[in-house]
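**Student:** this is a predicted model, with the sequence first.
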Amino acid sequence: MSSPRAPTKVSNYRHKKILEMLGLRQSVSADELATEFGVSKITIRRDLDALAQDKLLDRTRGGAVSVSGLRLEEVFEEKDHTAKREKALIGRYVASLVNDNETIFVNAGSTTLEFIHYLHGKKVRVVTNNAACLTLELDPQQELILLGGDYRAQSKSLVGDLTIAGLSGVFSSLTVLGINGVSITKGCTTAVNQETSVNRKMIDHSSGKVIVVADHTKLNCVSSFLTCALDRIDMIVTDWLAPLSFCEELEQAGVSVVRVPDEG
């Protein structure tokens, strides 16, 4: 994710400090800025509007977020080591929401892989294009339906017409999706075009909730291809490092947000 333009190029002290805060936290609220600088919310709104006009930040209803950069695809082995603890706790939390006898769509990704891992002990049916799940020690009482299709080694995923065809006759009671970026204005985006078709088919064939799992590094990011707008999902589960103000913006957009706490 690209950071805002260097604060040293901004002469206004308050503007400079706002950009420094955004560089560290990705989002801020007008309320906290007014408290921080001891000025009125009207003054802060003027500051944010001026910075937005210079394209140094993006305005939101309650504050601002840093200018979103384009999030590109990572090789699976690399992203599997990014925010690994956060992903594990996110996966475990979402698995705790699952009831026995559910049919669950799960797409490709390292966070969704953690979710599948923590389904151990539950009698469920998992329908997935996440080929990495074959590396897990699956519970014998679980039914795994691995979709066919073209194998992508970079993401350990199955994509293409055969994958879509495999989903055509199946409907889920729960869908869990990993994505590459969550943006207030751009929605949920993905780095691989072929995977967006699979994600959309899973959403279209969902009879129950659609949950997006996204650690804090995915928030306020935009990737190359649109999976869906925010109004197509019911919940985003992220971690304790996710900026609270950005999560509040998501809530205001109609999406339920859970910030899984750190147990350490």
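**Tutor:** On my side now, so go ahead. Numbering: from 1, shown residues only.
**Student:** C-alpha from now on. contacts and neighbour counts both.
**Tutor:** Fine.
**Student:** show me what the helix or strand encompassing residue 201 is packed against.
**Tutor:** Using DSSP states H and E, residue 201 maps to helix 193-204. When contacts are defined as 3 or more C-alpha pairs under 8 Å, 6 or more residues apart in numbering; DSSP states H and E, helix 193-204 sits against strand 157-159, helix 161-167, strand 172-178, strand 225-228.
**Student:** buried deepest among these, which one?
**Tutor:** strand 157-159 (a mean of 25; mean count of other C-alpha atoms under 10 Å).
**Student:** run the chain-centre distance for that one.
**Tutor:** Remark: strand 157-159 is offset 19 Å from the chain centroid, using C-alpha atoms, centre = their mean, to the nearest Å.
**Student:** what's the answer for stretch 119-130, then?
**Tutor:** That offset, for stretch 119-130, works out to 21 Å (C-alpha atoms, centre = their mean).
**Student:** for it, give me every contacting residue.
**Tutor:** By C-alpha atoms under 8 Å, 6 or more residues apart in numbering, the residues outside stretch 119-130 that reach it are 92, 95-96, 98-109, 113, 138-139, 141-148, 156-159, 163.
**Student:** can we see that at 6 Å?
**Tutor:** 95, 100-108, 139, 141-147, 157-158 (C-alpha atoms under 6 Å, 6 or more residues apart in numbering).
**Student:** out of these, which end up buried?
**Tutor:** Buried by 16 or more other C-alpha atoms under 10 Å: 95, 103-108, 139, 142, 144, 146-147, 157-158, out of the contacts of stretch 119-130.
**Student:** the contacts of stretch 119-130 in strands, which ones?
**Tutor:** Judged by DSSP state E, the subset of those located in strands is 103-106, 143-146, 157-158.
**Student:** who does residue 59 form a beta bridge with?
**Tutor:** residue 64 (DSSP bridges).
**Student:** quick one: mean pLDDT over stretch 179-190.
**Tutor:** Stretch 179-190 comes out with an average pLDDT of 93.
**Student:** alpha carbons only: can I get the helix holding residue 201 in PDB?
**Tutor:** Taking C-alpha atoms only, helix 193-204 is exported to PDB below (Å, rounded to 0.1, in the frame of the first residue of the first chain):
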ATOM      1  CA  ASN A 193      -8.800 -11.900 -12.300                       C
ATOM      2  CA  GLN A 194      -9.600 -15.700 -12.700                       C
ATOM      3  CA  GLU A 195     -10.300 -15.900  -8.900                       C
ATOM      4  CA  THR A 196     -12.900 -13.100  -9.000                       C
ATOM      5  CA  SER A 197     -15.200 -15.300 -11.100                       C
ATOM      6  CA  VAL A 198     -15.000 -18.100  -8.500                       C
ATOM      7  CA  ASN A 199     -15.600 -15.700  -5.700                       C
ATOM      8  CA  ARG A 200     -18.600 -14.200  -7.400                       C
ATOM      9  CA  LYS A 201     -20.100 -17.600  -8.100                       C
ATOM     10  CA  MET A 202     -19.700 -18.500  -4.500                       C
ATOM     11  CA  ILE A 203     -21.500 -15.300  -3.400                       C
ATOM     12  CA  ASP A 204     -24.300 -15.800  -5.900                       C
END
